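Q: Generate a structure from the sequence data that follows.
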Amino acid sequence: MTIDTSPPAEVPTGGLKATTAQRLKQTVRSILGEPLLHFLVLGALLFVLNAVISPEVPKERLIEVTPDVRRFIVETFVSERQRDPTPEEVERLIDGWIMNEITYRESLAQGLDKGDDMIRERVMQKMRLLIFSNITAENPTDAQLTEWLDAHRAQFDVPEQLSFFEVPVGGPESQAEAEDILRQIETGSEPESIRLRAHTFVQRPRGSVELVFGKDFVAKLTALPLHKWQALPSPEGWHLVRLEKVVPSRAVTIDEVRGPLVGDWQQERGRERAVQTVQDMGKSYVVKRSDLP
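A: Next comes the predicted model:
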């Protein structure tokens, strides 16, 4: 029989806690593949377990099969098998969930999750997802959006855009070759091979052009007269260029970027509240820090 010891699920499902919902789904899927004999043995074992449970048992030692648990088991079965389960099948699946619940709780009680970085990270990730799933951020006001936009203009404003033609010539020592080709272009006698080497840049953000050619190259490029071929050096070598158009940068309005602006604002508010939630949880802990030697 497959016993699932996975950590809790990321978010609650319906009226169930996250851990319950996850283990229910995994239990149903695993038990559906078990032979009937295992079902019968499992059912008999749980009959004995149920018989010894008393009302005085501590809450942390009590495993309750609530209506939500039963409903979720049926829904999962229907999703997997595309039919309703029989009463006997429901009871067998409930028995399997109880066994998994016992196994999971005992593994935690014995500290089997300790000392394993993979398990530790997985549990922490599930807790983070659970925290974020319970956090909602209200819609910001226009004043809040204006403040956010002003603080993140570089992310939203339209940058300066350049349109130009470029023909790579060669390395740093190729100035003479570049000047010779330039004369051919100016007289209209350049060979077809030169035309085939030409690259076209249309409305490229200035920053992306600087990444390719360097800031000094772009500064010289934007200072050139329009529609006139020129030879320019870059850190990679010489180029023939013809500047066609420069579109100045522009500050956007809130309405132009309202969707992504609201999304970013709410994401940041959610992150701040998640951090505050963890800090509030930490108030019940005592943290001792050892000074480094």
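Q: When you work out contacts or count neighbours from here on, use the C-alpha atoms and nothing else.
A: OK.
Q: Helices of the protein, residue ranges please.
A: Taking DSSP state H as the test, the helices found in the chain are 18-31, 36-52, 67-81, 87-109, 117-133, 142-151, 153-156, 175-187, 192-196, 206-213, 215-222, 258-281.
Q: Can you tell me which of those helices is packed in deepest?
A: Ranked by average neighbour count under the criterion mean count of other CA atoms under 10 Å, those are headed by helix 18-31 at a mean of 20.
Q: residues touching Arg128, list them.
A: If you count contacts by CA atoms under 8 Å, 6 or more residues apart in numbering, Arg128 has none.
Q: what's the pLDDT at it?
A: Listed pLDDT for Arg128 reads 84.
Q: Name the helix or strand of the protein that has the lowest mean pLDDT.
A: helix 36-52 (a mean of 47; mean pLDDT, DSSP states H and E).
Q: partners of the nearest residue to Ile185 once chain neighbours are set aside in the sheet?
A: Computed as CA to CA, 6 or more residues apart in numbering, the closest residue to Ile185 that is not its neighbour in sequence is Trp229, at 7.9 Å. Beta bridges link Trp229 to Arg242, judged by DSSP bridges.
Q: Determine the number of other residues adjacent to Trp229.
A: 20 (other CA atoms under 10 Å).
Q: my guess is it meets Leu182, correct?
A: Yes - the criterion here is CA atoms under 8 Å, and Trp229 meets it with Leu182 at 7.2 Å.
Q: Spit out the residues that contact those two alike.
A: Contacts common to Trp229 and Leu182, judged by CA under 8 Å, 6+ apart, are Leu240.
Q: Which of the helices of the chain comes out lowest on mean pLDDT?
A: helix 36-52 (a mean of 47).
Q: so what are the domain limits for the protein?
A: 18-133, 155-247 (automatic domain parsing).
Q: what's the span of the shortest one from first residue to last?
A: The first and last residues of domain 155-247 sit 18 Å apart, counting by CA to CA, to the nearest Å.
Q: circling back: enumerate every residue touching the residue nearest to Ile185.
A: Leu182, Ile185, Glu186, Leu240, Val241, Arg242, Leu243.
Q: Just name the closest of those residues to Pro67, please.
A: Within the contacts of Trp229, the smallest distance to Pro67 is 72.7 Å, found for Leu243 (CA to CA).
Q: I'd say the closest one and Ala223 touch.
A: No - the criterion here is CA under 8 Å, and Leu243 misses it with Ala223 at 9.2 Å.
Q: Please identify which of those two sits among more neighbours.
A: Neighbours per residue, other CA under 10 Å: of Leu243 and Ala223, the larger number sits with Leu243, 21 against 9.
Q: which residue sits closest to that one, ignoring its sequence neighbours?
A: Leu243 sits nearest to Phe164 (CA to CA, 6+ apart), 4.4 Å away.
Q: who does the one you found bridge with?
A: Applying DSSP bridges, one finds that Phe164 bridges with Phe201, Leu243.
Q: What is the burial count for it?
A: What Phe164 shows, counting by other CA under 10 Å, is a neighbour count of 21.
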